[in-house]
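Asker: structure of the sequence below:
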Amino acid sequence: MTGTRIIDLMQAARLGKPNFRHSFLVRYQDRLLPVTTDEVMAGYIDNGIVYLLLPGGKQFPVDMNLDDLQQQLDPQQFFRANRQFIVSRKSIQDMAVHFNGRLLLNLKVNTTEAIYISKERVSAFKRWFEAFH
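Answerer: Next comes the predicted model:
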């Protein structure tokens, strides 16, 4: 997603146009559990399955791809960090400048992999983070 597209989504969200998802029903054993988007720390893909990551490291698969998940989440609260991760603003503990101008995100919850933001997306990430923080 380009920086312009991110800004367009943020402006549309401020104007109240899109209707973003507020909750999910996730499978847990033989039950469906409600999960609100406020609880979601990140969304990620692993071996072709998309998961929601919650506080305490709980993770639940959802039946959609990462692009669809991104479209359903409020861009004021969630950012597509890379091809594998969407992160929630509230999940970000800090950021470290890494090789070649990339950022390494440290979340308040453990993830299976390091989350990097490419040099090309760092500006858009900083604008997003500062705009609504």
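
Asker: any idea what Val50 is bridged to?
Answerer: Beta-bridge pairing of Val50 under DSSP bridges involves Ile45, Val62.

Asker: was I right to think it contacts Ala42?
Answerer: No - using CB atoms under 8 Å, Val50 makes no contact with Ala42, being 10.9 Å away. All C-beta atoms are positioned from the backbone trio N, CA, C, and that covers glycine.

Asker: so which of the two has more stuff around it?
Answerer: Ala42 (23 against 20; other CB atoms under 10 Å).

Asker: and the more buried one, its phi and psi?
Answerer: phi -160, psi 160 (degrees, to the nearest 10).

Asker: ok, now which ones touch the closest residue in space to it that isn't next to it in sequence?
Answerer: Leaving aside its sequence neighbours, Ala42 sits nearest to Leu53 (CB to CB, 6 or more residues apart in numbering; 4.4 Å). Shown in contact with Leu53 (CB atoms under 8 Å, 6 or more residues apart in numbering): Val40, Met41, Ala42, Gly43, Tyr44, Gln59, Val109, Thr111.

Asker: can you convert those into CSV and add a column each for pLDDT?
Answerer: Shown next, in CSV, are the contacts of Leu53 (pLDDT from 0 to 100):
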residue, pLDDT
Val40, 98
Met41, 97
Ala42, 98
Gly43, 97
Tyr44, 97
Gln59, 95
Val109, 95
Thr111, 92
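
Asker: with that, I have no additional questions.
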